[in-house]
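Chemist: quick one: sequence and predicted model below, then my questions.
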Amino acid sequence: MLSLLAENEILLLFVVAAVGYALSKVRIFGTSLGIAAVLFVGLIIGGLDPELRMSEVVIWLGLSIFVYSIGLNSGPSFFSTFKDRGARDILFILLMLSLSASLAIGIHYLLQFEAAITSGIYAGGSTNTPALAGLLDIISKGDGVEFIRSEQEKAVTGYSLTYPMGVIGAMVSIAVVQRLFKVDYQAEEKKLEHLYPSRRALSNANIFVDWENPNRLQIRDLIRQQKWTIVFGRMSRDGEVSLSSYDTVLRPGDKIVAVGSAHAVQEVIAFLGHKSDKKLTFDRSEYDYRRIFVSNPKVAGQKIASLNLNERFSALITRIRRGDIDLLANGSTVLELGDRVRFVARRKEMSRVSRLFGDSYEALSKIDLFSFGLGMALGLILGMMTFELGDYNFKLGMAGGPLIVGLLLGALRRTGPIVWSLPFSANISLRQIGLIFMLAGIGVNSGYNFFSIVGSGGGGWIFLAGSVFSFLTATFTLIIGYKILKIPFSILLGMVATQPAILDYAMEKTDNKLPVIGFTLMLPVAVVFKIIFTQFLYSFLA
């Protein structure tokens, strides 16, 4: 069997991928390794025979696809972090990464590790696979095939031995610090509900308007004045049903539909009047509603306001389903391929609105290979460029180049007729395939050396170092963020959740989805800078 796998690289790849993915679902003590299980299966299989190896092309192809897909998906949130919360959050993460890098340097000199092992510990302790990929990339620029192979195997050994403790150490830190500060998650959720409706579920209500509206405020003024996170839909005035707009001036006797979180809807009801017995949503004689797919590239990347739906079709988008999350729609919401929009329109206009958005599941299953290939090529070219920083020359490599280009193109979404973003499902699939290819290749190629080091008794100190590193890094982040910067603890948990298992644990603790807010805010920033910090660590220590 081993000889068969050694002679058939593609067979070896998919055996490792299949077994690893199956094991990724297994939960031990309430947690799982997730997709990183593919790496550990690769290590085990690779450790059986030194002849079992995969082509480097498999690893680099998987890496470039993985990080480019992450960049496309994270681009908008990455740059909105700079715009909305920039200085504090970016400086905070840079401070924490600098602190963790200093801790890694201290461990390096204390335990006399080699540079590749210490850098691997940094990537593994922070459970950051792109950082490991960036480390392997910079090592590949060294001299000599044997030297490169040996250094990469040491890096993977450091990563592999510390990755599990990167998960467990963060969880232990969360449990300790939350007890130390006696955090009340329910009180935090209630306090933040206006800014972050973490329950995600949207509801609607039919409201009878009693409010006199003495200043004849338009709906746009009301929303701005009352700071409502709400969308208004159909309304009835003097028995005639129509669609509301931002220009609508409400008056007593109107009936209107409001869509938003349950709490936000209750606030609107209390202000405007009371719940109406007549359900406008049940009256589908003139206006109807439907969910349709955004599959038309001409619509993707456009703001809802720019489509002029109310004027062109007497139509209104009330909510958007993106992935597994329902979003409220407003004029500044940018549509993406794969969005499922729920709109209200005249029955006779339904087919025209559907044609505008595309509404084709088959079209969503296809990838625009022109934009994807062009973006990947630009990323790889950027990765090959040499940059000078004083006396230090560096390349972004196959990890940094595609990631940065992906972030930029993801934020742009489109350039003229070229749509850079991918349908949500296609992005997830490409990211998963790329990650599996990369982890399988890294694991198999490093497996034999990994078990040689562990078998000789050299793994104990690495394991201990990873445990201390991950626990202290998470603890410092939680204490500084909560006590000094006053970041809500629930959101802060997402910022230390560098792995999906940690994020799941954080959400179990809080019993809400506020950690997802922190995770989304910090993930793209952390990915970029951890790649840079890991490469810097190796160059500095070597």
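Modeler: Yep, that arrived.
Chemist: how about the helices of the stretch 51-200 of the chain, start to end?
Modeler: 56-111, 115-125, 129-139, 145-181, 185-192 (DSSP state H, counting those that start in this stretch).
Chemist: tell me what the fourth one is packed against?
Modeler: Put plainly, it is helix 145-181. helix 37-46, helix 115-125, helix 129-139, helix 424-455, helix 460-479, helix 489-496, helix 500-510 (3 or more Cβ pairs under 8 Å, 6 or more residues apart in numbering; DSSP states H and E). Every residue, glycine included, has its C-beta placed from N, CA and C.
Chemist: could you check the angle helix 37-46 makes with it?
Modeler: 140 degrees (axes from the mean of the first three to the mean of the last three Cα atoms, to 10 degrees).
Chemist: likewise for the third one?
Modeler: Taking the same axes, to 10 degrees, one finds helix 129-139 and helix 37-46 inclined to each other by 50 degrees.
Chemist: leaving out chain neighbours, which residue sits closest to the residue of the chain positioned farthest from its centre?
Modeler: Relative to the C-alpha centroid of the chain, counting by Cα atoms, centre = their mean, residue 238 is the outermost residue, at 47.4 Å. Closest residue to residue 238 apart from its sequence neighbours, by Cβ to Cβ, 6 or more residues apart in numbering: residue 253 at 7.7 Å.
Chemist: that neighbour contacts residue 209, correct?
Modeler: Yes: in this structure, residue 253 is within contact of residue 209 by Cβ atoms under 8 Å, at 6.7 Å.
Chemist: buried residues in the one helix or strand residue 22 maps to?
Modeler: Residue 22 belongs to helix 9-23 when assigned by DSSP states H and E. The neighbour-count check on helix 9-23 (16 or more other Cβ atoms under 10 Å) flags 9, 12, 13, 15, 16, 17, 19, 20, 21 as buried.
Chemist: farthest-separated two in those?
Modeler: Distances among these were taken as Cβ to Cβ; the most separated pair is 9 and 21, at 18.4 Å.
Chemist: so the nearest residue in space to residue 280 that is not next to it in sequence: helix, strand or coil?
Modeler: Nearest residue to residue 280, sequence neighbours excluded (Cβ to Cβ, 6+ apart): residue 234, at 4.8 Å. Going by DSSP: H, G, I helix; E, B strand; the rest coil, the secondary structure assigned to residue 234 is strand.
Chemist: who are the contact partners of residue 234?
Modeler: Residue 234 makes contact with 241, 242, 243, 244, 256, 257, 280, 281, 287, 344 under the criterion Cβ atoms under 8 Å, 6 or more residues apart in numbering.
Chemist: flag the helix or strand of the chain with the lowest per-element mean pLDDT.
Modeler: None of the helices or strands of the chain scores lower by mean pLDDT, DSSP states H and E than strand 392-395, at a mean of 61.
Chemist: tally up the residues packed near the residue nearest to residue 238, please.
Modeler: Other residues lying near residue 253 total 12 when counted by other Cβ atoms under 10 Å.
Chemist: in which helix or strand does it reside?
Modeler: Residue 253 belongs to no helix or strand, assigned by DSSP H and E.
Chemist: likewise the one 10 residues further on?
Modeler: Taking DSSP H and E as the definition, residue 263 sits inside helix 262-272.
Chemist: tell me what that helix is packed against?
Modeler: Applying 3+ Cβ pairs under 8 Å, 6+ apart, one finds that helix 262-272 contacts strand 203-209, strand 230-237, strand 255-260.
Chemist: so for residue 115, which of those sits nearest?
Modeler: Nearest of the helices and strands packed on helix 262-272 (Cβ to Cβ): strand 255-260, 53.3 Å.
Chemist: how far is that closest one from where the chain is centred?
Modeler: 31 Å (Cα atoms, centre = their mean, to the nearest Å).
Chemist: gap between the residue nearest to residue 238 and residue 239?
Modeler: Distance of residue 253 to residue 239, given as Cβ to Cβ, to the nearest Å: 10 Å.
Chemist: how near is residue 229 to residue 185?
Modeler: Applying Cβ to Cβ to residue 229 and residue 185 gives a distance of 21 Å.
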